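1. here is a sequence with its predicted model. Questions after.
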Amino acid sequence: MTEAVPFLRVSHLTAHYGETQALHDISLDVHEGEIVCLLGRNGAGKTTTLRAVMGMLQKRGGLIEVNGQSTEGMPPEAVAKLGLAYCPEERGIFASLTTEENLMLPPVLRPGGLSVEEIYTLFPNLKARRTSPGTKLSGGEQQMLAIGRILRTGAKLLLLDESTEGLAPVIIEKIGQTIRMLRERGFTVLMVEQNFRFASQLADRFYVIEEGMVADQFSREDIAPNRERIEALLGL
Amino acid sequence: MDSIFGVPSAAFVGQLIVGLINGAFYALMSLGLSIIFGLLRVVNFAHGAQYTLGAFVAWALLEYLGLSYWWALILAPAIVAVFGVLMERVFLRHLYHVDHVYALLLTFGVALLVEGLLRLQFGVSGLPYANPLAGGLDLNFTFIPWYRLWVIGVALAVCLGSWYFIERTKLGSYLRAANENPNLVRSFGINVPRMLMLTYGLAVGLAGFAGVMAAPIYQVSPLMGSNLIIVVFAVVVIGGMGSIMGSIITGFGLGVIEGLTKLFYPEGSSVVIFVVMILTLALRPHGLFGRNE
């Protein structure tokens, strides 16, 4: 069976922050329509991997290919035009913009994104608070805003960094529903999650990142028969 | 109505106008500086030289091409803006990733270079530039030249227009967002480096525009910018770097305070702004309208 070109292929990625080497050897694939999850402890290199994929790192080595095209030398704005969007861990809601301005900020780069009405239907709270300054929203609302605003752009591969961190169970449930809905609509997701219970219900495949390298990988089917080993691996 | 606050009405209104005129220039110049600092995190020491350049380009357009003030009002800022775009593209862009003091030093160097070359060519005595709007408003107790009213009006319009552009439009929201997190804005597909270049050019063009408007009032001299820029920096400190409305209100307000001080306490008029600056730094270091950054 010929393997289709993956949406994202990372091969032997290395990265430095100044003199410190953050990534030693990261290789992973994300196929269209998949939800792939990066697991691992704090500081393992998960966020750094996402930022490297998005073109936000100055010094990186190895190969990153989007639909077979190398992103070598591409600045973030060029990577975005390939159909990627990034939702950072700190959410990045702009304080000097209103909720609606935050939502409308990312330009529509290609067709296939959600319309504003669809996003407001998905997240009614955002519509109610649209004239409030972005940072006056609660943590959960800010997370929904951060996710919502990249859904408009037409990006097909969403990089979600810790989208459930510090949020109430009700909101986490909502975000899970949203990601499931996005998969049904043909989106591809590469997510970083510390919350394994949340991720194990959503993601198709998992990579365990440890000290800047891929320590292990498994798929959702592998979880049940290997529960103990996996939980030990993740330090749970 | 012979006197206001114990001062002859003519003198009061006269100094009020002078204060508003100076305030107009303070506002226009501090607006540009605020925009540049907010977005590029660069203290643009070349701002005064770029203002001077605007005046000289206006003079040159008249002297060598016979183009009137009204042409110069459009062309001179455009030319100065192009100069600014080149400065950003060739020099400033390469300094963003190092300590911001290097960009400051670069702009300072450009200021010295521009003013030095102009001084070499034209001397320090200054060149005349004719008033394009003769005559004025004849009130019973005083006479207000039309050109002065024009300057105040246009400056106010440009300041408020800039505020509206930055605070209320989509393009302005890009600028405000890039102020906070330029990398994230880039990840949305927005060409932030190009935006920085054009914004610097625009703000520099604003300085050039102020220079053209200043030409008929003050002399066109290589020193006109450096005289002004020290006061403008004090205005920016008082208003708060990065606040658009703060620059406008503080600029006009301090101009009026300075103008009226001359009436009531002439010895203090040249230092009153710096006194206010010291008080502001002591009591509200971020400036009257500044945000905590």
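-> Okay, I see it. Numbering: from 1, shown residues only, chains lettered A, B, ... in the order given.

2. in the chain, which spans are strands?
-> You didn't pick a chain, so chain A it is. Ranges of strands in chain A, per DSSP state E, are A:8-17, A:20-30, A:35-39, A:59-66, A:69-70, A:84-87, A:157-161, A:188-192, A:205-210, A:213-219.

3. wrong one, chain B
-> When assigned using DSSP E, the strands of chain B occupy the ranges B:3-4, B:7-8, B:136-138, B:143-145.

4. out of the ones you listed, nearest to chain A?
-> Ranking these by their distance to chain A (criterion: Cβ to the nearest Cβ) puts strand B:143-145 first, at 38.7 Å. For the C-beta atoms, the positions are set from N, CA and C on the backbone; glycine is no exception.

5. any residues touching the closest one, and which ones?
-> Counting by Cβ atoms under 8 Å, 6 or more residues apart in numbering or on different chains, the neighbours of strand B:143-145 from elsewhere in the structure are B:Val13, B:Ile17, B:Asn131, B:Leu133, B:Gly135, B:Gly136, B:Leu137.

6. buried residues in that strand?
-> When burial is assessed from 16 or more other Cβ atoms under 10 Å in any protein chain shown, strand B:143-145 yields the following buried residues: B:Ile144, B:Pro145.

7. now do it: distance to the chain's middle.
-> Between the centre of strand B:143-145 and the centre of its chain there are 24 Å (Cα atoms, centre = their mean, to the nearest Å).

8. partner strands of that strand, parallel or antiparallel?
-> Here strand B:143-145 has these sheet partners by DSSP bridges: strand B:136-138 (antiparallel).

9. the helices in chain A, which residues?
-> With DSSP state H as the criterion, chain A has helices at A:46-53, A:76-81, A:99-104, A:116-122, A:124-128, A:139-151, A:169-184, A:196-202, A:227-233.

10. interface residues of chain A facing chain B?
-> With Cβ under 8 Å from any Cβ of the partner chain as the criterion, chain A comes near chain B at residues A:54-56, A:75-77, A:79-81, A:85-86, A:88, A:92, A:94-97, A:101, A:104-107, A:109, A:150, A:153.

11. pull out the buried members of the residues you listed.
-> Looking at these with 16+ other Cβ under 10 Å, the buried ones turn out to be A:54-56, A:75-77, A:79-80, A:85-86, A:88, A:92, A:94, A:96-97, A:101, A:104-106, A:109, A:150, A:153.

12. just name the most buried of the strands of chain A.
-> Counting by mean count of other Cβ atoms under 10 Å in any protein chain shown, strand A:84-87 has the highest mean neighbour count of those, with a mean of 27.

13. what is the rounded mean pLDDT of that strand?
-> The predicted model assigns strand A:84-87 a mean pLDDT of 97.

14. circling back to that earlier point, who wins for proximity to B:Leu31 among the strands of chain A?
-> Between B:Leu31 and the strands of chain A, the shortest gap by Cβ to Cβ is with strand A:84-87, which sits at 33.3 Å.

15. elements contacting the closest one?
-> Contact partners of strand A:84-87 among helices and strands, from 3 or more Cβ pairs under 8 Å, 6 or more residues apart in numbering or on different chains; DSSP states H and E: helix A:46-53, helix A:139-151, strand A:157-161, helix B:182-187.

16. low-confidence stretches in the stretch 101-250 of chain B?
-> Counting by pLDDT under 70, the stretch 101-250 of chain B contains no low-confidence residues.

17. rerun that using 90 as the cut-off
-> Residues of the stretch 101-250 of chain B that meet the criterion pLDDT under 90 lie in B:123-126, B:130, B:133-144, B:179, B:219, B:226-227, B:236-237, B:239-244, B:246.

18. all helices of it, in order?
-> Assignment of helices within the stretch 101-250 of chain B using DSSP state H, counting those that start in this stretch yields the ranges B:101-122, B:146-168, B:170-180, B:182-187, B:192-214, B:224-239, B:244-264.
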